[in-house]
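Engineer: Could you work out the structure for the sequence below:
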Amino acid sequence: MTAILIVDDSHAVRTDLADALEVGGFRTITCASLAEARTALRTRPVSLAILDVELPDGNGIDLLELIRRDHVLHDMPVLVLATYGQVSDLIIEKQIRATDYVGKPYDIVKVVAQVRSLLGAPPVPEVVLVIDGDAKFRGELCDALGKLGFKTAAAANGTEGLQLAASQRPTAIIVDGAMTDMDGASIVRRLRLEPTLRATPCLLLSDSTAKDAEVRALEAGADSSVKKDDLGVIVARARALLRSAATMPTETKRMLAPKRILTVDDDPDYLEILSGRLRKRGYDVECAHSGEQALEVLAQGPVDCILLDRTMAGMGGVEACRRIKDQPETRDTPLIILTATEQREAVIEGLAAGADDFVSKASGFDVLSARVQAQIRRKQIEDEQRRVREQLLRSELEASEARAAKDLAEARAVMAEELARANVELAQANRELETFSYSVSHDLRAPLRTISAFTQALTEDLGDRLDEKALDHIRRVLAAASRMSDLIDALLELARISRVPIARHRVELSSLASVVTEELARREPTRKVETRIAPNLVVAGDGRLLRIVLDNLLGNAWKFTARRDPAHVEIGLDRDGPETVYYVRDDGAGFEMSQAGRLFTPFHRLHTDSEFKGTGIGLATVRRIIERHGGRIWAEGAVGQGAKISFTVPTERTS
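Structural biologist: Alright, predicted model coming up:
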């Protein structure tokens, strides 16, 4: 395997270049002097040379000349570590040329990429990171990407994927939307917090067919989203993202390439002489014969410096200078006005128009060339300082974002601790509630049964000897005991409903309503109640709990229409935009609308026991069941005109 020769008297430069090239798969030979380099060229196979201009025992251009005149090495690529202006005179004098020029301080990434391009070495394969918990699908996707020439890395969960992304810096990342330890959207958000991965294309896979799935993916920071059901579509979308990443705009103009000079003069002889001398100095020269033509040339593309004659037919140099400096695209381009006169007023006028320098044609070409180099060098320094400032601003912004992300993570950690503590307290409260329920069920029921039993025994034993007033007192005791038993049952039911887990499945409310109304009719066969049940009332919910809802709502409708003959009870649905609203309506006693909000409060009743019996727990139980399904419930009515209880049962819980 041939090697790359690095010739530089700086140990830091040699080490930096050698390390970067060896990481890229190249073998290197480092030399600190011309003598060491000549020996290496005679004794070692070399495929490319990187030469510094200033060496302790000579000039790098001398070594370049030796390489170009050698019958074996003359076609070998050579990169010179210097600006073109530093070596242009030597190259012109010796009539030799390097393959390219690399300025110091150099960009090591660009140097390695340029070496790969010159040697025809295969590019580093693009790495695609696949984060998916399904081992079979992950393997199939990696195989499909590998057949297209992509190198792949795989992770089975979000934590492992984030670690691989940080260490390998992949070209693109494909993330499954549902992972065992975190969801795909959270992974993408964390990737976007990392400055080095912020621009990495991310493709989020989803099992959802919902229309807003892609919107949620894009809001999380993904570049695209695709349903996880077609491997071919996923691979095609990944390739499209990689093409987009490969065609992102980059700085393509080389700082050290020959500089482009625009010369503007209406004297064709002077223009030809000036252009020829500039070309001999290694510049790329564009010519214009008037101010108008100069503006046309600048509209086609930028230049590095403008030489503008002050006195021309048509648009003069001063006016052309004003127009050039008024354009944002050319405002910062160095501009030198050339004139045959050195009058003070002409100099002031030209500089006031925006010119960067003012040179007399009589000063000679050497002075003009030095002024051109100075202006170009000044512009390069300003551009570099601007890039440094922008980088510093970006770094400060990234640091601020990192601090904000850290503060957010710490705040979330505190919230998580508080939530965990609240969960522990809630679990303790639930245990206490269960203990209380057990106490109510056993400790309170036992004396209540005793009261009922002995009161009933008293009636049976002394029935003949008790007067009507005593019998009325006994009936009141038995009624109160029965009511208290009903209240205990209702409280236990409400507590149980608050704890029981919800199992969603298809529930036909129409069928449930038919069963409930038939049971109510059997209990009171003498009543005339006309029931109307809308067909095909279907929801996704817990059938056991929804049966309790209908038992209470239809039971109330049956109860409060007791004084109607015939009574009317209806269960149906309304449409409120995209939301389906179910209702139970009757034409019974009704209520004041000002009391509607209190109907669902435990123990709050709008009627006395003498009017309508009840515990005041039924509607509170109904509200708790509907809220646990993520729905809402409300009441409408009027005294003497009946009531309408409406509720919703969303497909998925929303609260």
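Engineer: What about Ile234, how many residues nearby?
Structural biologist: Residues near Ile234, counting by other C-beta atoms under 10 Å, number 22. C-betas here are computed from N, CA, C, even on glycine.
Engineer: Can you give me the pLDDT of Leu204?
Structural biologist: pLDDT, Leu204: 90.
Engineer: what's Leu271 in contact with, if anything?
Structural biologist: 263, 265, 287, 289 (C-beta atoms under 8 Å, 6 or more residues apart in numbering).
Engineer: How are the helices of the stretch 301-450 of the chain distributed by residue range?
Structural biologist: 317-326, 344-352, 365-439, 445-462 (DSSP state H, counting those that start in this stretch).
Engineer: elements contacting the first one?
Structural biologist: Looking back up the chat, that one is helix 317-326. In terms of contacts (3 or more C-beta pairs under 8 Å, 6 or more residues apart in numbering; DSSP states H and E), helix 317-326 is packed against helix 291-300, strand 305-309, strand 335-339, helix 344-352.
Engineer: So which of the contacts of Leu271 is the closest to Gly350?
Structural biologist: Of all the contacts of Leu271, Asp265 has the smallest distance to Gly350: 14.8 Å, by C-beta to C-beta.
Engineer: the longest strand in this protein is where?
Structural biologist: strand 567-576 (DSSP state E).
Engineer: returning to what we had before: out of the helices and strands packed on helix 317-326, which is closest to Leu433?
Structural biologist: Going by C-beta to C-beta, the one of these nearest Leu433 is helix 291-300, 80.6 Å.
Engineer: now could you export just the CA positions of that closest one as CSV?
Structural biologist: The C-alpha coordinates for helix 291-300 follow below in CSV (Å, rounded to 0.1, in the frame of the first residue of the first chain):
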residue,chain,number,x,y,z
GLY,A,291,-19.6,51.0,-16.0
GLU,A,292,-22.8,49.5,-17.5
GLN,A,293,-20.9,46.4,-18.7
ALA,A,294,-19.2,46.0,-15.3
LEU,A,295,-22.7,45.9,-13.5
GLU,A,296,-23.7,43.2,-16.0
VAL,A,297,-20.7,41.1,-15.2
LEU,A,298,-21.2,41.5,-11.4
ALA,A,299,-24.9,40.4,-11.8
GLN,A,300,-23.6,37.1,-13.2
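Engineer: could you check the angle helix 317-326 makes with that helix?
Structural biologist: 20 degrees (axes from the mean of the first three to the mean of the last three C-alpha atoms, to 10 degrees).
Engineer: Residues contacting helix 291-300, please?
Structural biologist: 262, 264, 286, 288, 303, 306, 308, 312, 314-317, 319-320, 323-324, 327, 329-330.
Engineer: you'd agree Val226 is in a helix?
Structural biologist: No - under DSSP: H, G, I helix; E, B strand; the rest coil, Val226 sits outside any helix and is assigned strand.
Engineer: Who are the contact partners of it?
Structural biologist: By C-beta under 8 Å, 6+ apart, the neighbours of Val226 are 203-206, 233-234, 237.
Engineer: and if you look at Asp16?
Structural biologist: Asp16 neighbours (C-beta under 8 Å, 6+ apart): Ile108.
Engineer: secondary structure class for it?
Structural biologist: Following three-state DSSP, the label given to Asp16 is helix.
Engineer: separation between it and Thr99?
Structural biologist: 20 Å (C-beta to C-beta, to the nearest Å).
Engineer: try Arg421
Structural biologist: 68 Å.
Engineer: Quick check on these two: which one has the bigger neighbour count.
Structural biologist: A direct count of neighbours by other C-beta under 10 Å for Arg421 and Thr99 places Thr99 higher, at 15 against 10.
Engineer: Skipping its backbone neighbours, what lies nearest the more buried one in space?
Structural biologist: Distance criterion C-beta to C-beta, 6 or more residues apart in numbering; nearest residue to Thr99, sequence neighbours excluded, is Pro77 at 4.4 Å.
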